[in-house]
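Trainee: One predicted model, sequence on top.
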Amino acid sequence: RNMQHLRLASSLSRAVSKRFVYVPQHARSYASAPGSVKREKVARDSRFASLIQDDINYFKSILSSPDSGLVTEESDLQPYNEDWLRKFKGNSKLALRPKTTDEVSKILTYCNKRKLAVVPQGGNTGLVGGSVPVFDEVIISTGLMNKFEAFDPVTGVLVCEAGCILENIDKWLDPHGYTVPLDLGAKGSCQIGGNVSTNAGGIRLLRYNSLHANVLGLEVVLPDGTILNSINTLRKDNTGYDLKQLFIGAEGTLGLVTRVALLVPPRPSSINVAFFGCKGFDHVQTALRRAKAELGEVLSAFEFIDRKSLQTVLDHLPGTRDPLDEKHNCYILIETAGSNKEHDQEKLNAFLESILGDETVSDGIVAQDESQRASIWRLRESIGEALVKKGPVYKYDFSLPLSHFYQMVDDVAARVGDKADVMGFGHVGDGNLHLNISAPKYSKELLELVEPFVYEYTSKLKGSVSAEHGLGFMKPQYLAYSKDEHAIRWMRKVKDMFDPNGIMNPYKVLPSNE
């Protein structure tokens, strides 16, 4: 009887802080913005050599395409030296673009002997400075390693090189009736090797799980040049230690991923997207519980947006509009994906009638075609872009128990008062909150109110200080808020075993020994 409240989507339309502060000469500091608190000074490791002309000559001799595979001009190096948000900036004098695993092996063998520090780099779309140099490390870009090697349409196992762009993989799989098991806002430029190295999450982890579950095998070049070939296309292999898992999420600190064997799911033929407004986050939790129970196997995404996040998109991205007539405190984006249109719509309609009937949600829309689905998804996926256009923003990525998921946003907002706008959105289906603090300017006073408060808050709830963005250069000093001293000590032992000279992506992931 309340289905009349369900309106159909019609004509919807689908600077930055420098968190890295450059410290001249031989030291750099973790910091959140110009003028902010210096957290931990990082000195250039004295073990590392500096690049000389003989090094460049050697690399020219081993690269099959030295003209395109060796970058030395300062202007050409700029996009390699700086992340896409311009938060982190290094000073590398050389970027190498190998085409084969053998070339990567020769590069790392040489760098290890010379003690030249290196930074593996994929699409450079990260948010924590993990893929850019801190000082003058040699950059090894996988962008030219972009071949599709094999695909089994029966088992759904794809083998490809690390430089394949995620969106290109999805397009390549489309004619075969398959899709990739992860979907990110940066899918048009991020590479699968980087996705694996950061254990990228994204909006469909709720449906397909993490890359730890979907990567069947890896080829990795170790810091000494050894090629560790664990490309395995088997679903089951119980023969000893599963070494590939060490490299998933290691952020290039243990080796450089060159090839990936990925289990890919069949492409859904029936997709529905709905967008709802709720009175509060308790209603969001109820809707999630109900969606899992009533939508079951077709539920592919359950995303949360608060009003301030949505308003930021509407205010700063032309062509967007609020899909609902009235404002709501919380919003939910639900996607279903299946293989039987009638069956899926029947399940969705029953669910919608149920949650509208008992006022779990207050209002909602259902997209009627691909254009409308894209328009709704844009409201969620472009929040980060809108925040950047709005102005200075402190960004955090936490995993939290759902019972405290939005309470953190309220508590941080109360703590900072009128000094900033605090907002939250994220993958509520898997407990991942993106906390954003938008301020008129960066200030030491505001940062001291926020940190370490947010990390202590997360630690007390036994959450994670990095749900999906990784640690990179930004968060190593906060690792102890999520891992105890024994875990960190064993992480160091693993790092020292694979990389005794410490050349692989130094200054990242693990806190300094001091």
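Mentor: Perfect, thanks for sending it. Numbering: from 1, shown residues only.

Trainee: Please name the residues that touch D45.
Mentor: Applying Cβ atoms under 8 Å, 6 or more residues apart in numbering, we find D45 in contact with A117, G502, P506, Y507. (Each C-beta comes from the backbone N, C-alpha and C, glycine too.)

Trainee: Give me the buried subset of the residues you listed.
Mentor: Among these, the ones that count as buried by 16 or more other Cβ atoms under 10 Å are A117, G502, P506, Y507.

Trainee: Find the helix or strand that the third one is a member of.
Mentor: Of the helices and strands defined by DSSP states H and E, none includes P506.

Trainee: coming back round to it: between the buried ones among the contacts of D45, which is nearest L435?
Mentor: Nearest to L435 among these is Y507, at 24.9 Å by Cβ to Cβ.

Trainee: Would you check that the closest one makes contact with V132?
Mentor: No: contact criterion Cβ atoms under 8 Å: Y507 and V132 do not qualify, at 10.9 Å.

Trainee: what's the least confident helix or strand in this protein, going by average pLDDT?
Mentor: strand 20-21 (a mean of 31; mean pLDDT, DSSP states H and E).

Trainee: Rebuild the contacts of D45 as CSV, extending it with distance to N432 and pLDDT.
Mentor: Converted to CSV, the contacts of D45 look like this (distance: Cβ to Cβ, whole Å; pLDDT from 0 to 100):
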residue, distance to N432, pLDDT
A117, 32, 98
G502, 31, 97
P506, 28, 97
Y507, 26, 96
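
Trainee: Rebuild those residues as CSV, extending it with distance to D45.
Mentor: Below are the contacts of D45 laid out as CSV (distance: Cβ to Cβ, whole Å):
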residue, distance to D45
A117, 7
G502, 7
P506, 6
Y507, 8
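
Trainee: So for S13, what's the pLDDT?
Mentor: At S13, the model reports a pLDDT of 31.

Trainee: and if you look at the one 4 residues further on?
Mentor: pLDDT, S17: 30.

Trainee: before we move on, the earlier item: what sits in contact with each of Y507 and V132?
Mentor: Shared contacts of Y507 and V132 (Cβ under 8 Å, 6+ apart): F473.

Trainee: For E370, report the pLDDT, please.
Mentor: pLDDT, read off for E370, is 92.

Trainee: Then V104 would be within a strand, right?
Mentor: No: read with DSSP: H, G, I helix; E, B strand; the rest coil, V104 is helix and lies in no strand.

Trainee: ok, of the buried ones among the contacts of D45, which one's closest to G252?
Mentor: Nearest to G252, judged by Cβ to Cβ, of these is P506 at 10.5 Å.

Trainee: Next, count neighbours for R204.
Mentor: Applying other Cβ atoms under 10 Å, we find 22 residues neighbouring R204.

Trainee: what's the closest non-adjacent residue to it?
Mentor: D183 (5.0 Å; Cβ to Cβ, 6 or more residues apart in numbering).

Trainee: and G364, what element?
Mentor: strand 363-366.

Trainee: neighbouring strands for that strand, and are they parallel or not?
Mentor: Strand 363-366 has its sheet partners listed here by DSSP bridges as strand 6-8 (parallel), strand 270-278 (antiparallel).

Trainee: Rounded mean pLDDT for that strand, please.
Mentor: So the average pLDDT for strand 363-366 ends up being 94.

Trainee: Do a quick rundown of the helices in the stretch 151-300 of the chain.
Mentor: Here the stretch 151-300 of the chain has its helices, by DSSP state H, counting those that start in this stretch, at 166-173, 192-198, 205-208, 211-214, 244-247, 281-294.

Trainee: need the contact list for the residue nearest to R204.
Mentor: G202, I203, R204.

Trainee: Report the distance from stretch 219-231 to the chain centre.
Mentor: Distance, stretch centre to chain centre, for stretch 219-231: 24 Å (Cα atoms, centre = their mean, to the nearest Å).

Trainee: Outside of it itself, list whatever touches it.
Mentor: By Cβ under 8 Å, 6+ apart, stretch 219-231 touches 101-102, 104-110, 112, 159, 217-218, 243-244, 247, 254-261, 498-499, 501, 503-504.

Trainee: In it, which of the residues would be classed as buried?
Mentor: Buried, per 16+ other Cβ under 10 Å, within stretch 219-231: E219, V220, V221, L222, P223, D224, G225, I227, L228, S230, I231.

Trainee: Check stretch 427-439 too.
Mentor: Buried, per 16+ other Cβ under 10 Å, within stretch 427-439: 427-439.

Trainee: cool, and stretch 437-450?
Mentor: Buried, per 16+ other Cβ under 10 Å, within stretch 437-450: I437, S438, A439, Y442, S443, L446, L447, L449, V450.

Trainee: Looking at those residues, which is nearest L402?
Mentor: I437 (21.3 Å).

Trainee: Check whether the closest one sits in a helix, strand or coil.
Mentor: Assignment for I437 (three-state DSSP): strand.

Trainee: same deal with I305?
Mentor: Reducing the assignment at I305 to three states with three-state DSSP gives strand.

Trainee: What distance do you get for the closest residue to G156 other than its chain neighbours to E445?
Mentor: Spatial nearest neighbour of G156, chain neighbours left out: V264 (5.1 Å); criterion: Cβ to Cβ, 6+ apart. Taking Cβ to Cβ, to the nearest Å as the measure, V264 falls 49 Å from E445.

Trainee: and if you look at N199?
Mentor: In terms of Cβ to Cβ, N199 sits 35 Å off from E445.

Trainee: next one: D499
Mentor: 40 Å.

Trainee: What of L77?
Mentor: In terms of Cβ to Cβ, L77 sits 36 Å off from E445.

Trainee: same deal with A467?
Mentor: With Cβ to Cβ as the criterion, A467 and E445 are 27 Å apart.

Trainee: picking that back up, return the most buried member of the strands paired with strand 363-366.
Mentor: Mean neighbour count (mean count of other Cβ atoms under 10 Å) peaks for strand 270-278 among the strands paired with strand 363-366, with a mean of 23.

Trainee: R235 and G217 touch, don't they?
Mentor: No: counting by Cβ under 8 Å, R235 stays clear of G217, with 11.0 Å between them.

Trainee: So which of these two has more stuff around it?
Mentor: G217 (19 against 10).

Trainee: Report the contact partners of the more buried one.
Mentor: Contacts of G217 by Cβ under 8 Å, 6+ apart are V159, S230, I231, N232, T233, K244, V260, A261.

Trainee: how close does V273 get to D344?
Mentor: 12 Å.

Trainee: actually V71, sorry about that
Mentor: 48 Å.

Trainee: what's the answer for Y396, then?
Mentor: Computed with Cβ to Cβ, the distance linking Y396 and D344 is 35 Å.
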